[in-house]
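In: model the following, please.
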Amino acid sequence: MASEKILVTGAGGFIGGHLVEYLRNKGVGDIVAVDKKPYDEWYQVHDYAENKILDLQYLDACEKSLEGGVTKVYNLAADMGGMGFIENNKALCMLSVLINTHMLEAARHQGKVDRFFYASSACVYNGEKQQDVNNPGLKEEDAYPALAEDGYGWEKLFSERMCRHFEEDFGITCRVARFHNVYGPFGTYDGGREKAPAAMCRKVITAKLSGNHKMEIWGDGEQTRSFMYIDDCTLGVDKIMDSDIDFPINLGSDEMVSINQLVDIVEDIAGIKMERTYNLDAPKGVRGRSSDNTLIKKELGWAPDISLRDGMAKTYAWIYDQMTAKATV
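Out: Modelled structure (predicted):
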């Protein structure tokens, strides 16, 4: 462990910040944390890491991030957000292909990276397989024939192939996980990039604080998803990185709920009931998406298992503290 030097890209983001903390708690002593945002915009800044501000869309920045003998790369950097952001910023999402391409190329040139993790997404899956709210769960082979989420999903699918061919042609061991809706504390909950769990917490907290118990839901509320708590995500990333799994694999919960059921959970945590209205013209994504965990259980003997109710309680508490602290400033 002492000989490892680990790079986490996107470390100023939600998952990246948690991953740095996870690796530190595991005992990794030499961690480089990179993001393009100024430090005051990082969700978590860890003083024990070597923190750098670099825009990894550019090859020279990627090369700088590997200086000092980095041996493992966790590439989580991407320009992304919730469904509203993805549907309205397809070009920005596609440009993230430069990050993974240049990180792989920099790793090839540097010659010391022996493991490379890429954070992919369930958005790679064929949209025609996600038209039923009772979707039984997406298997890894459901990514082909390809019909990914326009913009973001296609970028992720292409980058998966880049990893595969850099491993085949240049010998860089690559591991790829398809994340399914990660949520938890220390993440975006407003501003347009937030995902459904954080958005629902914010809306219910706003109602609780204001006394106006009304909320808008995008779509009819019957669309289904599964949501993975951040602690399951970081543990899964670690397990996949150290495994022999040389193909993209699901990393997500198989506890599928409707958006209405998600709101039910937040209402229960908050102790209030909301008057719901439905915006059928808002971005709402596919009808049904959940993770089939058959393969990860077979390969690792493990799968994400933190219940949505438990994870949402922790997420709600953190967002509540953030919002009430802002209100008193």
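In: any idea how far the residue nearest to Asp310 when sequence neighbours are not counted is from Glu21?
Out: Of all residues beyond its chain neighbours, the one nearest Asp310 is Tyr229 (7.5 Å), with distances taken as Cβ to Cβ, 6 or more residues apart in numbering. (Glycine included, C-beta is placed from N, CA and C.) Going from Tyr229 to Glu21 by Cβ to Cβ, to the nearest Å gives 15 Å.
In: same question for Ser121.
Out: Relative to Glu21, and taking Cβ to Cβ, Ser121 is found at 22 Å.
In: what do you get for Ala270?
Out: Counting by Cβ to Cβ - Ala270 and Glu21 are separated by 27 Å.
In: equivalent analysis for Lys129, please.
Out: For Lys129 relative to Glu21 (Cβ to Cβ), the value is 35 Å.
In: sorry, back to before: the more surrounded of Tyr229 and Glu21?
Out: Tyr229 (23 against 18; other Cβ atoms under 10 Å).
In: for that one, what are its contacts?
Out: Applying Cβ atoms under 8 Å, 6 or more residues apart in numbering to Tyr229 gives the contacts Val182, Tyr183, Gly184, Ser253, Pro304, Ile306, Leu308, Asp310, Gly311, Lys314, Thr315.
In: and the last one, how many neighbours?
Out: For Thr315, the neighbour count with other Cβ under 10 Å is 26.
In: that one and Phe186 touch, don't they?
Out: No - applying Cβ atoms under 8 Å as the test, Thr315 and Phe186 come out as separate, 9.7 Å apart.
In: where in the stretch 51-200 of the chain is pLDDT low?
Out: 81-82 (pLDDT under 70).
In: which residues of this protein fall in helices?
Out: For the chain, the helices defined by DSSP state H occupy 14-26, 59-65, 83-88, 90-95, 97-110, 152-170, 196-210, 230-241, 259-270, 294-300, 308-328.
In: so which bits of stretch 302-315 are buried?
Out: Ala303, Pro304, Ile306, Leu308, Gly311, Met312, Lys314, Thr315 (16 or more other Cβ atoms under 10 Å).
In: the second one: what's its closest spatial neighbour, skipping adjacent residues?
Out: Excluding its sequence neighbours, the residue lying closest to Pro304 (Cβ to Cβ, 6+ apart) is Asp232, at 3.6 Å.
In: how close does that neighbour get to Ser253?
Out: On the measure of Cβ to Cβ, Asp232 and Ser253 end up 7 Å apart.
In: neighbour count winner among these two?
Out: Taking neighbours as other Cβ under 10 Å, Asp232 and Ser253 compare with Ser253 leading, 28 against 20.
In: quick check on the more buried one: phi, psi?
Out: Main-chain torsions, Ser253, degrees, to the nearest 10: phi -80, psi 150.
In: what residues are up against it?
Out: His180, Ser226, Phe227, Met228, Tyr229, Asp232, Ser290, Ser291, Pro304, Asp305, Ile306, Leu308.
In: closest one of those residues to Trp42?
Out: Tyr229 (21.0 Å; Cβ to Cβ).
In: quick one: end-to-end distance for stretch 296-312.
Out: End-to-end distance of stretch 296-312 (Cα to Cα, to the nearest Å): 24 Å.
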